[in-house]
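Engineer: Predicted model follows, preceded by the sequence.
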Amino acid sequence: MKIEDYGVIGDMHTLALVGRNGSIDWLCLPRFGDEACFAALLGQKGNGFWQICPDEPITGTRRCYRENTLILETEFTTATGVARVIDFMPVVGESRDVVRIVEGLSGEVAMKMQLVIRFDYGRTVPWVRHLEKGGLIAMAGPNALILRTQVPVRGEDLSTVARFSAMAGERKPFMLTWYPSHENPQAPLEVEDALIQTQRYWETWAARCTYRGPWRSSVVRSLLTLKALTYAPTGGIVAAGTTSLPEFIGGVRNWDYRFCWLRDATFTLYSFMTAGYTDEARAWSDWLLRAVAGDPSQLQIMYGLAGERTLPEFELGHLCGYENSRPVRIGNAASAQFQLDVYGEVMDAMHAARTAGIEMDEEAWHLQRHLVDFVIAHWQDPDEGIWEIRGPRRHFTHSKVMAWVALDRAVKGVEQFGLPGPVAEWSAARSEIHADICRQGFNPARNAFTQFYGADELDASLLMIPLVGFLPANDARTISTVELIERELTVDGLVQRYETKTSGHIDGLPAGEGTFLPCSFWLADCLHLMGRKKEATALFEKLLAVCNDLGLLAEEYDPRSGRQLGNVPQAFSHVGLVNSAHNLSPKTWGPAEERSAV
């Protein structure tokens, strides 16, 4: 299926992708970064999936979330009746469960279930034994799954199948539970109670959203998605729930996004705080402090869910990849890169948290001072940049801008919160960095800031210049840069990160990728700050139309084929949606105004 054909369910420990055909093709257990037991998304169906659908021709399919929840309902219409499959992950209890309830709505529909469990990304066939009271246990190595159902199941070609009917008024539950294989499974949940409690939890959480603008339903759906991408025990938020979904179909731009990027911190904090979710913002800032603690020279761009630092990258050669997009990668080697901009992102995130009233102790400021010292000592060094270029280090303009942000927020910490620090030294360094960027990052021949010092190429990350307050939105250099990005880096109005039309460009990878949705939201924010409010709103509405029928976004979009691309659901894209909605809504003070006015 297309990437946009999937919905997401989750319990803030892991998540699953459910296709419109009733198949769960992706599930990692018990955490985002652990091995998968359903990996059909990245290869053949034999690599694990769980499908429940009619066993007769389908004449119509309709799906939706229960309002303000992560409970997904898919209705199948056949010649004999209508049946619904209700999918959710309970947020109650200690076990990790996926629940699927088949409900007959009218007539009688012949149904089928097929379950293929393959641990370790499809490489391990488990040992399966059937239970006397219905269902089965599948076990391999450290992992075990127990399927509980009253529907009779049987083995067939290394899979588990069932055929049954859904009559009007009937409800037949299936519950799949993960547990460590060396332990006994926990007692099963009462399915209907779990459904009620899960619905109540999400509805209560969604009701806390303070946004009352014209795009409330889209904002709430995006916030629910961000919550689903949160790992509850630590507060860390992963960039996406999947790995290796391609940025170009059939290409090699396939990366593992099941980790926590520091640069997402600022955007995510603003998304939660401006929508009234201070608890989530506090948990995220606490995670941030724990993750970055240590020697500033050892700061990483990303960490595991609990702050893990070792994230080795390797390839799974046995998987053909989504639509033959190889290689399939696990882990991310970019974690070892030097990216100067993350120091600015961390400083900006902590400043935003203080501005929102989130208390931080003296140790937090002590850590920040060490980060500032590192920036002062290393801001003139080249780095790999925001896009994690796997090539020679360069003096990326955006990286220098974020180094300026680090010094600027340090100065503001002294001026606005009375924190101790050598403000005169920091102010001087801030001015030096600013002058250097304006001198070397701005290309007079192009009349624009360019990707790196001395380059002619553009980069969409330069849209951040007015958004972080480096230059005002009405500065002539800002305006000319934004306008040139509009002319040269957009496809059907949506923004590409940088030019990738020719093979062997700056990233050394083959040509081609989609438009980058977060950058497209940044363009809408810039247009809004520049006073081009109708154009900003029109672009935002175009981006909303890119969402699938469930309101979900991947990382990229190809306007030519009309398809979403990259890992899904993508936190950065949904953060952009939430922040832009606040920026563009009347009578609200959004993140763009907040950061640009710092």
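Structural biologist: Happy to help now that I have it.

Engineer: what distance separates the helix or strand containing residue 579 from the middle of the whole chain?
Structural biologist: Secondary structure here is read from DSSP states H and E; on that basis residue 579 sits in helix 571-584. Using C-alpha atoms, centre = their mean, to the nearest Å, we find the averaged C-alpha position of helix 571-584 to lie 12 Å away from the chain's own average C-alpha position.

Engineer: Over to stretch 219-226?
Structural biologist: Using C-alpha atoms, centre = their mean, the distance from the centre of stretch 219-226 to the centre of the chain it belongs to is 11 Å.

Engineer: From residue 109, how far off is residue 79?
Structural biologist: Residue 79 sits 9 Å away from residue 109 when distances are taken as C-beta to C-beta, to the nearest Å. All C-beta atoms are positioned from the backbone trio N, CA, C, and that covers glycine.

Engineer: Which one's more surrounded, the two?
Structural biologist: Residue environment comparison for residue 79 versus residue 109 gives the larger neighbour count to residue 109, 27 against 11, counting by other C-beta atoms under 10 Å.

Engineer: tell me the SS of the more buried one?
Structural biologist: The three-state assignment at residue 109 reads strand, by DSSP: H, G, I helix; E, B strand; the rest coil.

Engineer: what's the spacing between it and residue 164?
Structural biologist: Relative to residue 164, residue 109 is positioned 10 Å away (C-beta to C-beta).

Engineer: circling back: just the CA trace of the helix holding residue 579, in CSV.
Structural biologist: Only the C-alpha atoms of helix 571-584 are listed here, as CSV (Å, rounded to 0.1, in the frame of the first residue of the first chain):
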residue,chain,number,x,y,z
ALA,A,571,7.0,14.3,14.3
PHE,A,572,8.8,17.2,12.5
SER,A,573,5.9,17.5,10.0
HIS,A,574,3.2,17.5,12.7
VAL,A,575,5.2,20.0,14.8
GLY,A,576,5.3,22.3,11.7
LEU,A,577,1.5,21.9,11.3
VAL,A,578,0.8,22.8,14.9
ASN,A,579,3.2,25.7,15.0
SER,A,580,2.1,27.2,11.7
ALA,A,581,-1.6,26.9,12.8
HIS,A,582,-0.8,29.0,15.8
ASN,A,583,1.3,31.5,13.7
LEU,A,584,-1.4,32.0,11.1
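
Engineer: tell me, what's touching residue 79 and residue 109 both at once?
Structural biologist: Among the neighbours of residue 79, those also in contact with residue 109 (C-beta atoms under 8 Å, 6 or more residues apart in numbering) are residue 56.

Engineer: which helix in the protein runs the most residues?
Structural biologist: Taking residue count as the measure and DSSP state H as the definition, the longest helix of the chain comes out as helix 397-417.

Engineer: which residues sit in contact with residue 15?
Structural biologist: If you count contacts by C-beta under 8 Å, 6+ apart, residue 15 has them with 8-9, 27-28, 32, 89, 228-229, 241.

Engineer: Return the distance of the residue lying closest to it once chain neighbours are set aside relative to residue 210.
Structural biologist: The spatially closest residue to residue 15, leaving aside those adjacent along the chain, is residue 241, at 4.6 Å (C-beta to C-beta, 6 or more residues apart in numbering). Separation of residue 241 from residue 210 (C-beta to C-beta): 26 Å.

Engineer: Looking at these two, which one has more neighbours?
Structural biologist: Just comparing residue 241 and residue 210: by other C-beta under 10 Å the higher neighbour count belongs to residue 241, 27 against 10.

Engineer: Quick check: phi and psi at the more buried one.
Structural biologist: Residue 241 adopts backbone torsions of phi -90, psi 0, taken as degrees, to the nearest 10.

Engineer: Roughly how far does it sit from residue 157?
Structural biologist: Computed with C-beta to C-beta, the distance linking residue 241 and residue 157 is 29 Å.

Engineer: I figured the residue nearest to residue 15 was touching residue 17, is that so?
Structural biologist: Yes: at 7.3 Å, residue 241 and residue 17 qualify as touching, with contact defined as C-beta atoms under 8 Å.

Engineer: intersection of neighbour lists for the two?
Structural biologist: Here residue 241 and residue 17 share the contacting residues 8, 26, 568, scored by C-beta under 8 Å, 6+ apart.

Engineer: where does the first one land in three-state SS?
Structural biologist: Of the three states, residue 8 takes strand according to three-state DSSP.

Engineer: Can you find the helix or strand of the chain with the lowest average pLDDT?
Structural biologist: The least trusted helix or strand in the chain, going by mean pLDDT, DSSP states H and E, turns out to be helix 591-596, with a mean of 74.

Engineer: Alpha carbons only: can I get that helix in CSV?
Structural biologist: Taking C-alpha atoms only, helix 591-596 is exported to CSV below (Å, rounded to 0.1, in the frame of the first residue of the first chain):
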residue,chain,number,x,y,z
PRO,A,591,6.0,30.3,17.8
ALA,A,592,7.3,32.4,14.9
GLU,A,593,6.4,35.7,16.6
GLU,A,594,7.7,34.3,19.9
ARG,A,595,11.1,33.2,18.6
SER,A,596,11.6,36.1,16.2
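
Engineer: Which one of the shared contacts of residue 241 and residue 17 is nearest to residue 456?
Structural biologist: The closest of the shared contacts of residue 241 and residue 17 to residue 456 turns out to be residue 568 (C-beta to C-beta; 33.9 Å).

Engineer: quick one: pLDDT of the residue nearest to that closest one when sequence neighbours are not counted?
Structural biologist: Nearest residue to residue 568, sequence neighbours excluded (C-beta to C-beta, 6+ apart): residue 554, at 4.0 Å. Model confidence at residue 554, given as pLDDT, is 98.

Engineer: Check residue 597 too.
Structural biologist: Per-residue confidence at residue 597 stands at 66 (pLDDT).

Engineer: cool, residue 505 as well?
Structural biologist: As summarised for this prediction, residue 505 has a pLDDT of 63.

Engineer: I'd like the numbering to begin with 831 instead of 1 from here.
Structural biologist: Will do, 831 is the new start, and the previous item becomes residue 1335.

Engineer: okay, now the domains of this structure?
Structural biologist: The record, using automatic domain parsing to delimit domains, assigns the chain the ranges 833-1012, 1034-1426.

Engineer: Next up, the contacts around residue 1092.
Structural biologist: 1118, 1121-1122, 1129-1133, 1172, 1175-1176, 1179.

Engineer: In CSV, list those residues along with neighbour count, secondary structure and distance to residue 974.
Structural biologist: Putting the contacts of residue 1092 into CSV (neighbours: other C-beta atoms under 10 Å; DSSP: H, G, I helix; E, B strand; the rest coil; distance: C-beta to C-beta, whole Å) gives the following:
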residue, neighbour count, secondary structure, distance to residue 974
1118, 26, helix, 34
1121, 24, helix, 31
1122, 24, helix, 36
1129, 20, coil, 38
1130, 24, coil, 33
1131, 23, coil, 35
1132, 25, strand, 30
1133, 24, strand, 28
1172, 25, helix, 39
1175, 24, helix, 40
1176, 27, helix, 40
1179, 25, helix, 39
